[in-house]
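Q: Pasting the sequence and the predicted coordinates here, then a few questions.
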Amino acid sequence: MARAPLLLLLAALCAISFAAAGANAGGRKMVGVYELSKGDFSVKVTNCGATVTSVVFPDSKGNLGDVVLGYDTIAEYVNGSAYFGALVGRVANRVANARFMLDGKVYHLYANDGKNTLHGGHRGFSKVIWTVKEYVSGGDTPHITLYYHSFDGEQGFPGALDVYVTYELSSPYVLSVRMKATALDKATPVNLAQHTYWNLGGQGSGDVLGNTIQLFASHYTPVDSTLIPTGQVAPVAGTPYDLRAPTAVGAHIRQVSGGSSNGSTIYGYDMNYVVDGDEHALRKVAAVRDGASGRGLELWADQPGVQFYTGNFLKDVKGKDGKVYEEYGALCLETQGFPDAVNHPGFPSQIVRPGQGAYKHDMVFKFSF
């Protein structure tokens, strides 16, 4: 089926119910938007793509603001190409030439980024309807757990996979994200990522070039012109990728290439960093601060890498509440396994095998103001 008709059909299905849901929704697969709230801190999630659609908390003057980019309707999320707020997979980021070999067999994937596969293919986990398994809107630990069964051969990937993600307000101004995936019948690569676009000044408030960013990463994985890793793991010292000390996002942005468009270089960060410390331990990954609003974000996670992306390809994107998003209008911090790891034996493995333990990925966002 052609891509456009498929997306329009899915958009129609997703648009059946966009009203916010209120009661416990165990096992329900109707599409809705679910709010988690704890005082003046709230998060909204839709089960279409397991997507975070808003995060609201105060600035230093007590003014509430939504700090994530997004759309007004489910149909826009389905048809959009930016992956705003989505849970992406089965394999996040890029797979070179839309193929890989596993246990002696070559698997061919759907190429949706030139000749490569991006974020699981044209209908990855960000484009499917997840089942709401549990929903508690308030109380001590507001949370929602979503489930998706990925079938054997979906987008070319081998084996059936059961996937869960839980979004939880675990304490005041803390959002926890817990992902788990279990291979049921075949070995398969798994690399899930949470793709929220953050603008701590408020969504649609302008660019984030004046924000300060600190990444707790001493190495990165250089890429070629199509953003596929070369296989090298290089030190950031002495390069524009060195963000180990708090640095303005825009300080070196004209010195880094984030791909190309119509033959022209796109400047900005779109790079996987190797997070310092034990790759399986929950540890500090990044810290971001917006001086104008006083808002801050600290990210902790337990993955080997983090993709730092500065919204290089945003251009005239109609967003929420009539806002229009432009280049550098937000930043993404996507903890992950290394891109194209299935084709680089030297990278940490992303292969999950039946009966040999589940894939797990935990993230903790700590907000301040």
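A: Arrived safely.
Q: For the closest residue in space to Pro158 that isn't next to it in sequence, give me the pLDDT.
A: Spatially, and ignoring its direct neighbours in sequence, Pro158 is nearest to Lys186 (4.6 Å; Cβ to Cβ, 6 or more residues apart in numbering). For the C-beta atoms, the positions are set from N, CA and C on the backbone; glycine is no exception. The model reports Lys186 with a pLDDT of 98.
Q: Tell me how many other residues surround Lys186.
A: 18 (other Cβ atoms under 10 Å).
Q: And for the one 5 residues further on?
A: As a burial measure, the neighbour count of Asn191 was computed by other Cβ under 10 Å and equals 28.
Q: what do you get for the one 4 residues further on?
A: Look at His195: counted by other Cβ under 10 Å, it has 23 neighbours.
Q: so how far is Val249 from it?
A: For His195, the distance to Val249 (Cβ to Cβ, to the nearest Å) stands at 18 Å.
Q: check contacts around the residue nearest to Pro158.
A: 152, 158-160, 354 (Cβ atoms under 8 Å, 6 or more residues apart in numbering).
Q: From the residues you listed, pick the one nearest Gly277.
A: Comparing the contacts of Lys186 against Gly277 with Cβ to Cβ places Pro354 closest, at 29.8 Å.
Q: what's the spacing between the closest one and Pro348?
A: For Pro354, the distance to Pro348 - Cβ to Cβ - is 20 Å.
Q: Could you do Val45 as well?
A: 29 Å.
Q: Just want to know which of the two has more residues nearby.
A: Val45 (27 against 15).
Q: The more buried one belongs to a strand?
A: Yes. Counting by DSSP: H, G, I helix; E, B strand; the rest coil, Val45 is part of a strand.
Q: Wait, it touches Ser37, no?
A: No. In this structure Val45 lies outside contact range of Ser37 using Cβ atoms under 8 Å: 11.9 Å.
Q: low-scoring stretches of the stretch 201-350 of the chain, by residue?
A: Of all residues in the stretch 201-350 of the chain, none has pLDDT under 70.
Q: how about a cut-off of 80?
A: 260-261 (pLDDT under 80).
Q: show me where it has strands.
A: Using DSSP state E, counting those that start in this stretch, the strands found in the stretch 201-350 of the chain span residues 212-215, 217-220, 234-235, 247-248, 257-261, 264-267, 270-275, 283-289, 296-301, 305-309, 317-318, 324-325, 331-336.
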